[in-house]
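Engineer: Got a predicted structure here, sequence first:
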Amino acid sequence: MEAMDINSIHDMLYALRDPAGLPFYPWAFFGVGILTWAMHFFAVALVLGGIAVALWGLHRNTPYWQRLAYAMANVSKIAVSAAIVLGVAPLLAVQVYYDPMWYTSNVLSAYWVIGFILILIVAYSAHYVFYFRNKENPQRARAIWSIIVAGAGYVLAGFIMHSLSYQTLSPEQWLNWYAPGGHIDNSGTRLHDFNLWRFGYWLALSVPITGAYMMAYATYWSTRRDQDHAWLDFVYQLGARWALWGSVMAAALLVAYFASLPEKLSAYRSSIWALLWLAATLLPGVIALRARNRAFRCGYRPVLGATLGMLLVAIGREMVRYYAIIPYYDFMDYKVNLDWFTTGVFGFTFLVLGASTLGYLLTVAWKAGKTEGVYQASDTMHLWGRFNLVLIIFWTLGYFGLMAIRTF
Amino acid sequence: MDWIALYPTWYDPAMGSGYWIALIATIHVVFSHASVGAAIFFAWLINKAYREDRPELLTFVKRYGLFLLIFSYVMGSITGPGIWYSTTVGSPKGISALIHSFVWKWATEWVFFVIEVVGVYMLIYLVGKVDKRTHTLVAFIFAGASYATMMLILGILSFMMWPGSPEWFAKGGTFYSFFGPNTFAQLLIRTGFAMAITAVVGSIVASAFKDAELKREVLRKLAAFGLLGSVIMFVFYFWYLHTIPENAVEVFRNRMPGWFYPAVVTSYGLMVIYFLTTLFNTRILNPVLASIMLVVVTFMGLFPTEITRESMRKPYVAGQYVYSNQIIARDVPGMDIHAELPKVAEKGILKVHPFLPENYRTITDENRLEVGRQIAIIMCSNCHQVTRTEGIRPLTDYLGGVTDVARIKRYLQGTVVAGNIMYMPRIPLKPAELDALAAYLADLNAHAH
């Protein structure tokens, strides 16, 4: 069966757009999507990298490695929570401005979409099994199978997401996938497209990010006198090596991915965005190289570099989709039904209530971790906490006030 | 091109996409409500523990919190987006309508969700590591954020049934679509349910305590909390019934499986008896009994309720304008949304569906049965089994084994084609399309008998 022509694809994609439009301008959702995807993938990288460190550490089975293995298994467990909660936002964003692509790709592989949920539940549960069986940090690790199952599950779930995302890039193939040989297949049992170089890149990117995180982790605990500084130094140096060589490995896979891009994306290959993506991948490695001989004095720089790098990677990734789709579809001309009420509520909640409350909670967590014994907050911190509570109460009263007005 | 917004159709002959959605939603509802109720209960208990200098109460908070982390923040946080995923593949236009109207509401909920997740970790892991005031403040922030997530999602859930106010059709905007009596009543019912399910889940943890005095005290507090929740549910249920549209009441009374209503009433009754028993005698309670109670509430109470909620909004899936078969059935001038139904009636579904290969667009003797099958899948499979005679509401059940194509055509014409059934979408097929569908159904019946 022949692929669809450019005009038919254009007409189809525009027909599929939701007629309700957007409550605000598309660029805002585009920006939110990129920013939150970067945050989401940072957490995903810690999940994969943390498990890799844990498995390698259990394999090495020396006291330092063993201790690091337990610590990183726990970090990756919490990172799963972060990845899920942060993943909600880019998932929301992509449905808003690329709804024709996202929904079609999902429906075409529907069983895998349902499978993604079930696999994630099994993997996360297995992760907790490892945590509970090894809570006391035993000399010989128990239930190693559980962390292997967790890791394998996350990789498989990641592959499904990669494939669903990759399928969005080829609208000209959708009808072929849905009706191969002119016979409709409603089963949703197949993943139709993927790129192993690209998927390998995402897996490899978890190495430098986890390395940068380990450097920050060691730096954070280094100010506490009750910590084992020799072990922290071991973690720091190991992190530096992971950040450096991981960046190189990821960059090599990225180049291979660029080389594998189809003809229709050749313009992307020579664009500034490809260069930006490559530079961003190398960024944590370059910073780690400079920071590794300065011990804990520069220990947070690599993770800051990784964060910035991740944001640039997210931009580079999104631009691939833009280049793939733009012949048929421009998200910037999505219909707008301006809704200042809901935009205002979100703006207040995100920029005032959310920023202040999360700032407070994370400050408390940071300070409590730094304190030996019980952390006694200052009066200013208490005032900040109460202020956040007042904001939440104000928000809730506003909600019920409007509800009462609209109901009675 | 005259295409309308229709995606490919995923057809699962075993369960049907609707049941996948309901299954994942049921799991999520249990876990998410348990987390909201527990957040409120924790705030009260932590405050009490510090005010009365009762550190043993914090032991419960820590243990229940850890249980909750797995229970609600593993299963709950995965099945939350899981509902999006399942509706994406089962009802893409339905979820798209909700996403596009309420994207900022969902984003606002996300802000509270992030606060909630950070809060629950801090609540558990900072017991004994921060001063009392700070820990209490974190507990109240966690409770407020957790309840806010429910306040937000309820407006969107209610919109699936009925826009907050009818003015929305003319004026558009979330101010009119989000707030309204249906949202309010549902919020209050779910507040009660969150309290009740928290008490049931909490009793699994507390009934395992070795310290008899602590066990008795915590279980009794939980039972009182759960009973209060049960009363709230009962009271506001009757208000809720007055806030739903006429077609929903019709489906609720006449179209649900016979076992649903008795099962829900029985599970509610058992839950109240469970709380009353716990209130007066905590010694008989153990984790196994408490777990059984949770299973009863989930599968006898919640699952039928979720299926009913899914069904009550039929023939629509969102805002009383998107049909369950994904076609936009009416204009919404306030949002500049135009009905797709007239175009389907004028051109025929085979001409306006973007995801059909050319060989399906014209009916011939050779492809009649296959095209008829595909029309059945597009138009009916969201709610019906269309390729077998057993399963979820099989189409053949409505045809009484008839194999006469002309009779089936007359039946379809008098019912769904004309739009004469209140809870069914109008399916305006062209004569050739109707012919193909009838031929396919006759063939299905012939092979079944």
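Structural biologist: That came in fine, so what should we check first?
Engineer: When you work out contacts or count neighbours from here on, use the C-alpha atoms and nothing else.
Structural biologist: OK.
Engineer: my guess is residue B:303 meets residue B:26, correct?
Structural biologist: Yes. Between residue B:303 and residue B:26 there is a contact under C-alpha atoms under 8 Å: 5.8 Å.
Engineer: what does the stretch 251-400 of chain B put close to chain A?
Structural biologist: Contact residues, the stretch 251-400 of chain B versus chain A (C-alpha under 8 Å from any C-alpha of the partner chain): B:335, B:336, B:337, B:338, B:354, B:355, B:356, B:357, B:358, B:359.
Engineer: what's near enough to touch the fifth one?
Structural biologist: What it means is residue B:354. Going by C-alpha atoms under 8 Å, 6 or more residues apart in numbering or on different chains, residue B:354 touches A:12, B:3, B:4, B:5, B:6, B:7.
Engineer: The fourth one too?
Structural biologist: Applying C-alpha under 8 Å, 6+ apart to residue B:338 gives the contacts A:19, B:328, B:330, B:331, B:332.
Engineer: Can you pull the phi/psi pair for it?
Structural biologist: Backbone torsions of residue B:338, given as degrees, to the nearest 10, read phi -110, psi 140.
Engineer: How about the last one?
Structural biologist: Dihedral pair for residue B:359: phi -70, psi 0, per degrees, to the nearest 10.
Engineer: Now it: closest residue in space, sequence neighbours ignored.
Structural biologist: residue A:182 (6.8 Å; C-alpha to C-alpha, 6 or more residues apart in numbering or on different chains).
Engineer: Could you check how many residues crowd around that neighbour?
Structural biologist: 17 (other C-alpha atoms under 10 Å in any protein chain shown).
Engineer: how close does it sit to residue A:224?
Structural biologist: Residue A:182 sits at a distance of 68 Å from residue A:224 (criterion: C-alpha to C-alpha, to the nearest Å).
Engineer: For residue B:101, pull up the helix or strand it's in.
Structural biologist: Element membership for residue B:101, per DSSP states H and E: helix B:92-125.
Engineer: buried ones in that helix?
Structural biologist: For helix B:92-125, the neighbour count (16 or more other C-alpha atoms under 10 Å in any protein chain shown) marks B:92-124 as buried.
Engineer: tell me the pLDDT at residue 408?
Structural biologist: Picking chain A for this. Model confidence at residue A:408, expressed as pLDDT, equals 88.
Engineer: think we crossed wires, I meant chain B
Structural biologist: Per the predicted model, pLDDT is 95 at residue B:408.
Engineer: what stretches of chain A score poorly on pLDDT?
Structural biologist: A:1-3 (pLDDT under 70).
Engineer: if we go to 80?
Structural biologist: A:1-4, A:294-296 (pLDDT under 80).
Engineer: Could you do chain B as well?
Structural biologist: For chain B, the ranges with pLDDT under 80 are B:1, B:71, B:73-74, B:247, B:255, B:310, B:388-392, B:448-449.
Engineer: ok, 70 please
Structural biologist: For chain B (pLDDT under 70), the answer is B:449.
Engineer: how much space between residue A:217 and chain B?
Structural biologist: Distance, residue A:217 to chain B, using C-alpha to the nearest C-alpha, to the nearest Å: 18 Å.
Engineer: so which helix or strand takes in that residue?
Structural biologist: Here residue A:217 is assigned to helix A:196-221, by DSSP H and E.
Engineer: got the angle for the helix or strand just after that helix vs helix A:196-221?
Structural biologist: Downstream of helix A:196-221, the first helix or strand assigned by DSSP H and E is helix A:229-260. If you take axes from the mean of the first three to the mean of the last three C-alpha atoms, to 10 degrees, helix A:229-260 sits at 160 degrees to helix A:196-221.
Engineer: hmm, back to that, the helix holding residue B:101: how far from the chain's middle?
Structural biologist: Using C-alpha atoms, centre = their mean, to the nearest Å, the mean C-alpha position of helix B:92-125 is found 16 Å from that of the whole chain.
Engineer: Where neighbours are concerned, which of the residues of the stretch 251-400 of chain B next to chain A has the most?
Structural biologist: residue B:354 (24 neighbours).
Engineer: Using the three-state scheme, assign that residue.
Structural biologist: Put simply, residue B:354 is coil when judged by DSSP: H, G, I helix; E, B strand; the rest coil.
Engineer: Any figure for the gap between it and residue B:425?
Structural biologist: For residue B:354, the distance to residue B:425 - C-alpha to C-alpha - is 20 Å.
Engineer: Could you do residue B:159 as well?
Structural biologist: 18 Å.
Engineer: before we move on, back to that, now look at the helix holding residue B:101 and say if it contacts chain A.
Structural biologist: Yes. Using C-alpha under 8 Å from any C-alpha, helix B:92-125 reaches chain A at B:92-93, B:96-97, B:99-101, B:103-108, B:110-115, B:117-119, B:122.
Engineer: Between which two of the contacts of residue B:338 is the distance greatest?
Structural biologist: Spatial extent of the contacts of residue B:338 (C-alpha to C-alpha) is set by the pair A:19 and B:330 at 12.1 Å.
Engineer: how far does the strand or helix carrying residue B:30 sit from the chain's center?
Structural biologist: Taking DSSP H and E as the criterion, residue B:30 maps to helix B:17-51. Distance, stretch centre to chain centre, for helix B:17-51: 15 Å (C-alpha atoms, centre = their mean).
Engineer: Identify the spatial nearest neighbour of residue A:16, chain neighbours not counted.
Structural biologist: Residue A:16 sits nearest to residue B:5 (C-alpha to C-alpha, 6+ apart), 4.2 Å away.
Engineer: Wait, a strand at the one you found?
Structural biologist: No. Counting by three-state DSSP, residue B:5 is located in no strand; its state is coil.
Engineer: That one: neighbouring residues, count only.
Structural biologist: 22.
Engineer: same question, the one 5 residues further on
Structural biologist: Neighbour count of residue B:10, defined by other C-alpha under 10 Å: 27.
Engineer: if I look at the closest residue to it other than its chain neighbours, how far off is residue B:136?
Structural biologist: Leaving aside its chain neighbours, residue B:10 sits nearest to residue A:186 (5.0 Å; criterion: C-alpha to C-alpha, 6+ apart). From residue A:186 across to residue B:136, the span is 53 Å (C-alpha to C-alpha).
Engineer: who's more crowded, the two?
Structural biologist: Comparing residue A:186 with residue B:136 by other C-alpha under 10 Å, the one with more neighbours is residue B:136, at 23 against 20.
Engineer: Report the contact partners of that one.
Structural biologist: Taking C-alpha under 8 Å, 6+ apart, we find residue B:136 in contact with B:43, B:46, B:47.
Engineer: What is the nearest of those to chain A?
Structural biologist: residue B:43 (12.4 Å; C-alpha to the nearest C-alpha).
Engineer: Excluding chain neighbours, what is closest to residue A:403?
Structural biologist: Here the residue nearest residue A:403, using C-alpha to C-alpha, 6+ apart, is residue B:179, at 5.4 Å.
Engineer: Could you chop chain B up by domain?
Structural biologist: B:17-323, B:340-448 (automatic domain parsing).
Engineer: Distance from the chain centre to the last one, please.
Structural biologist: Okay, so that is domain B:340-448. The answer for domain B:340-448 is 28 Å, by C-alpha atoms, centre = their mean.
Engineer: Between its first and last residues, how far does that domain reach?
Structural biologist: Using C-alpha to C-alpha, the two ends of domain B:340-448 sit 35 Å apart.
Engineer: Nice, that's everything, thank you.
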